[in-house]
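Peer 1: Here's a sequence, model it:
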Amino acid sequence: MEETIPFKNLHSREYQGHKKKVHSVAWNCSGTKLASGSVDQTARVWQIEPHGHGKVKDVELKGHTDSVDQLCSDPKHADLIATASGDKTVRLWDARSGKCSQQAELSGENINITYKPDGTHIAVGNRDDELTILDVRKFKPIHKRKFNYKVNEIARNMAVEFAGCFSNVNLSTIQDLLDSSFEQNHTYMSSREGNALNSKYSKDVNGRLIFSFCTSAVASL
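Peer 2: A predicted model of the protein is given here:
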């Protein structure tokens, strides 16, 4: 049984390496590495030692020509990282070597990215409110849809759906979209409080809970 440490006894550590703001962080599936994406056009992978106090080992992922706005880790492979950048590319990286193994150029500046839980597909959102599904094996788009309202964020559940935060003149909704067609499956929330900025599925394996927050400082579960 793992030892429980009171929150007040925990210590924080800072990891320095990026030259500009960090926009995104993500743990790998084994919880041993933390990846970060930055405005400095790089991503970094940090080897996390729970009780380590020495210099932290990190690998730089270099190749993008614009900000790395979001990244995510392969849910099945602890050393694979996918990055979404304003340079219109999505890249797949080997966290051990720091080398880019796959690259896909899409139609717009990419700001959102998330893996399918089985690791076979990646969903990408861009500033033009277009969602694209990439086949990881071929690293090519297999489906895309452009929405006529703002897409702020996307997130996956453990089934065949993913959620999106959509905003249209301060009317904000969170919707489930079906993988195969991007058709709306459910609408979970509608609010005129402010633009929904983010949505995250909880660890509930059935994907029954979604957490979101918006510009009016309202958080919803």
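Peer 1: And the pLDDT at the nearest residue to residue 21 once chain neighbours are set aside?
Peer 2: Excluding the flanking residues, the one nearest residue 21 by CB to CB, 6 or more residues apart in numbering is residue 39, at 4.7 Å. Where you see a C-beta, it was placed from the backbone N, CA and C, and this is true even at glycine. Looking at residue 39, its pLDDT reads 95.
Peer 1: Likewise for residue 165?
Peer 2: So, for residue 165, pLDDT stands at 51.
Peer 1: hang on, residue 8 in a helix?
Peer 2: Yes. Judged by DSSP: H, G, I helix; E, B strand; the rest coil, residue 8 forms part of a helix.
Peer 1: pLDDT below threshold where in this protein?
Peer 2: 1-3, 5, 7, 50-55, 156-221 (pLDDT under 70).
Peer 1: Which parts of it are helices?
Peer 2: Listed from the start of the chain, the chain has no helices (DSSP state H) to report.
Peer 1: ok, back up a step: tell me how many other residues surround the residue nearest to residue 21.
Peer 2: 16 (other CB atoms under 10 Å).
Peer 1: Tell me if I'm right that it and residue 24 touch.
Peer 2: No. When contacts are counted by CB atoms under 8 Å, residue 39 is not listed as touching residue 24 (10.5 Å).
Peer 1: any residues in contact with both of these two?
Peer 2: residue 68 (CB atoms under 8 Å, 6 or more residues apart in numbering).
Peer 1: got the contact list for the residue nearest to residue 21?
Peer 2: Taking CB under 8 Å, 6+ apart, one finds 20, 21, 22, 23, 67, 68 in contact with residue 39.
Peer 1: okay but the second one is in contact with residue 41, surely?
Peer 2: No. Counting by CB under 8 Å, residue 21 stays clear of residue 41, with 11.6 Å between them.
Peer 1: what about those two, which has more around it?
Peer 2: Of the pair residue 21 and residue 41, residue 41 is the one with more neighbours under other CB under 10 Å, namely 19 against 9.
Peer 1: dump the residue contacts of the more buried one.
Peer 2: With the criterion set at CB under 8 Å, 6+ apart, residue 41 makes contact with 62, 64, 65, 66, 67, 68, 85, 87.
Peer 1: Now intersect those residues with the strands, please.
Peer 2: 62, 68, 85 (DSSP state E).
Peer 1: between those, which is nearest residue 94?
Peer 2: residue 62 (12.9 Å; CB to CB).
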